[in-house]
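Q: pasting the structure only:
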């Protein structure tokens, strides 16, 4: 099972999303964090879909999508 995300990691993601600025975690880092959240909450379909969407966006931004 994936390592459970820490509260500081989640707080940093939320702060970055609220600020909607360029500084902060990369799309790939956000996708990885959201994938870990989804893995630790297997019954949460919304978390799983959000993680898939984030991974797709990260891959696309790197030219892999």
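A: Alright, I've got the coordinates. Since the model is a prediction, treat every value here as computed from it, not as a measurement.
Q: switch to C-alpha atoms for all contacts and neighbour counts from now on
A: OK.
Q: next SSE after the helix or strand of the chain with the lowest mean pLDDT?
A: When the helices and strands of the chain are scored by mean pLDDT, DSSP states H and E, helix 7-19 comes last with a mean of 78. Using DSSP states H and E, the helix or strand that directly follows helix 7-19 along the chain is helix 27-39.
Q: Could you give the average pLDDT over the helix or strand just after that next one?
A: Counting by DSSP H and E, the next helix or strand C-terminal to helix 27-39 is helix 45-61. On average, the pLDDT along helix 45-61 is 89.
Q: What of stretch 26-35?
A: Mean predicted confidence for stretch 26-35 is 88.
Q: now that stretch, how far from the centre of its chain.
A: 3 Å (CA atoms, centre = their mean, to the nearest Å).
Q: Quick one: residues in contact with it.
A: Residues external to stretch 26-35 that are found in contact with it (CA atoms under 8 Å, 6 or more residues apart in numbering): 5, 9-10, 13, 47-48, 50-52, 54-55, 57-59, 61.
Q: circling back: list the buried residues in the least confident helix or strand of the chain.
A: The neighbour-count check on helix 7-19 (16 or more other CA atoms under 10 Å) flags 13, 16 as buried.
Q: relative to helix 27-39, how tilted is it?
A: 120 degrees (axes from the mean of the first three to the mean of the last three CA atoms, to 10 degrees).
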